[in-house]
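> here you go, sequence then predicted model.
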Amino acid sequence: MKIGIATLRHLSILLLIVLIINCSEDPITSEFRNSGLGIDTLTVSSISSQNYNVAPNIGTNERLYLGSKNGLEVPVSFIQISNSLYWNYFFDSTVVVDSLRFFLYSNDSLLEAGSAPNLYFESDSQFDENSSTYLDFSGFSNSDWTELGQPYLKTSSESDTSSDTYGDYLFTELVWNIDTLIAALTDTLDSNLVRSFAIQLNENSSSFIELFSEEATTGDLDPKIVMYYRRTYQNSEDSTVVDTSDGIMYSDGDLSIIRPIEISTDTSFISLSNGMGKRSLITPQLGDSFLPIGSVIRSADLILSYDTTLTNSVYNVIIDPIGNDSMYVDSTNVYDMDPFEAMGYPYRVSTDSEKGLCVISIKEVLQNITLGNIENLGFKLIANEKNDPFESIKFEKNNDMRIEIIYVSN
């Protein structure tokens, strides 16, 4: 197979560009003068956008919530306790289980027993941490669940583990006695035993509370059941020894069911919120050949601005190129799943928005668009699930919304 002169020339240019890009700024300028290559810039300001709503799932969030705040309602949170070898201790003749306690943790030093949630149990699978939303729990009732009441609170003044070495407050333990559940939690006749718990506030409660989810720590503050037991055994001197200990069964999934009280249809901003389920499709008008053939992109940033008086904290935003043909979405609808299939890694990028500006690198995807490897079908903007779900960000649709590209070409 013969390779044409034009093809060899393009390959030579690309090789030289790659070598130049890996050098420092001063050698780049010198090489460009001598090679005929040059750095140029392109600003793309023609960008369309369309907001849409997806029922929110915050299964990876580091908190569990209950109550209402900022137009959102959380009527119930679920916790599922893992299968553990400790459950077999109930059938071990050398072990005596003294008690079972269910633990949740809060960082609210002002939390009072009267405003704490009620705990419920059901031996069935009630939720999927990664996909369940409020659409799955319309009309949810705890009437068939076993009610365990409100917890006992252990604060820094009552528990050494709740304060650091200097006596400063760290967390509050919410503790429930669940001895009455021993038979249900160890039911050998249930071939599909799932240990599901739910927490809800008292009816007509105006409280709003945050608790640590399993995502927050490496185990210390995870939702859990603690079993206190005694094991009896014979030592080497043929004496009977009673060893007192405890075993921990951690949560292996938890989820707050979060529901927007009202769906906003405001289209004057690009609105993102993981709690509201607000997302946006943006489509830059790039054209068929927006860069000269053979160009290598040094940087390409999508730049968005926002009002810091509306979003005053760091807010993480994810951009992901669309992998399927764009479709019409109705901004007044709530979709149970995102209607747009995204490409994901390595094109999916996240960045923090702060001080009124969000700068997201889209260099990799634009370079592959110029090479014809992928199509420009637009991007979806998503709020990171680990953001505070009761906060949102509104990017302004103005001349500041742009893509700035720096590239090298012949």
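Arrived safely, thanks for sending.
> quick one: the strands in the stretch 251-400 of the chain?
Taking DSSP state E, counting those that start in this stretch, the strands of the stretch 251-400 of the chain run over residues 269-272, 278-284, 296-305, 315-321, 334-335, 349-353, 357-361, 379-383, 393-396.
> the last one: how far from the chain's middle?
By that I understand strand 393-396. 20 Å (C-alpha atoms, centre = their mean, to the nearest Å).
> which neighbouring elements make contact with it?
In terms of contacts (3 or more C-beta pairs under 8 Å, 6 or more residues apart in numbering; DSSP states H and E), strand 393-396 is packed against strand 269-272, strand 296-305. All C-beta atoms are positioned from the backbone trio N, CA, C, and that covers glycine.
> partners of the following helix or strand past that strand in the sheet?
Of the helices and strands lying after strand 393-396 in sequence (DSSP states H and E), the nearest is strand 402-409. Paired with strand 402-409 in the same sheet, following DSSP bridges, are strand 38-44 (antiparallel), strand 296-305 (antiparallel).
> got the angle for the first one vs strand 278-284?
Compare the direction of strand 38-44 with that of strand 278-284 by axes from the mean of the first three to the mean of the last three C-alpha atoms, to 10 degrees and you get 130 degrees.
> what's the first helix or strand after strand 38-44?
Using DSSP H and E, the helix or strand that follows strand 38-44 in sequence is strand 47-54.
> let me see the mean pLDDT of whatever helix or strand comes next after that following strand.
Next along the chain after strand 47-54, taking DSSP H and E as the criterion, comes strand 63-69. On average, the pLDDT along strand 63-69 is 96.
> please renumber so the chain begins at 19
Taking 19 as the first residue, the last one we looked at is strand 81-87.
> return the set of buried residues in the helix or strand just after strand 81-87.
Next along the chain after strand 81-87, taking DSSP H and E as the criterion, comes strand 90-99. Under the neighbour-count criterion of 16 or more other C-beta atoms under 10 Å, strand 90-99 has 90, 92, 93, 94, 95, 96, 97, 98, 99 buried.
> and residue 229, what element?
Judged by DSSP H and E, residue 229 forms part of strand 227-230.
> can you give me the strands for the stretch 119-268 of the chain?
Under DSSP E, counting those that start in this stretch, the stretch 119-268 of the chain gives strands at 136-140, 164-167, 170-172, 190-195, 213-218, 227-230, 242-252, 258-278.
> of the helices and strands packed on strand 411-414, which is nearest residue 78?
strand 287-290 (16.3 Å; C-beta to C-beta).
> quick one, grab the pLDDT at residue 282.
Residue 282 is given a pLDDT of 78.
> same check on residue 27?
Per-residue pLDDT puts residue 27 at 50.
> swap in residue 156?
89.
> please report how far it lies from residue 275.
Plainly put, residue 156 is 10 Å away from residue 275 if you go by C-beta to C-beta, to the nearest Å.
> now swap in residue 324 and tell me
Using C-beta to C-beta, one gets 29 Å for the distance from residue 324 to residue 275.
> one step back: export the strands of the stretch 269-418 of the chain to a markdown table and tack on mean pLDDT and mean neighbour count?
Converted to a markdown table, the strands of the stretch 269-418 of the chain look like this (pLDDT from 0 to 100; neighbours: other C-beta atoms under 10 Å):
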| stretch | mean pLDDT | mean neighbour count |
| --- | --- | --- |
| strand 287-290 | 93 | 24 |
| strand 296-302 | 94 | 22 |
| strand 314-323 | 95 | 19 |
| strand 333-339 | 96 | 22 |
| strand 352-353 | 94 | 16 |
| strand 367-371 | 95 | 17 |
| strand 375-379 | 95 | 17 |
| strand 397-401 | 95 | 25 |
| strand 411-414 | 94 | 20 |
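> would you list the ones you listed in CSV and tack on distance to residue 248?
CSV is the format used below for the strands of the stretch 269-418 of the chain (distance: least, C-beta to C-beta, whole Å):
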stretch, distance to residue 248
strand 287-290, 54
strand 296-302, 54
strand 314-323, 61
strand 333-339, 48
strand 352-353, 53
strand 367-371, 49
strand 375-379, 57
strand 397-401, 49
strand 411-414, 54
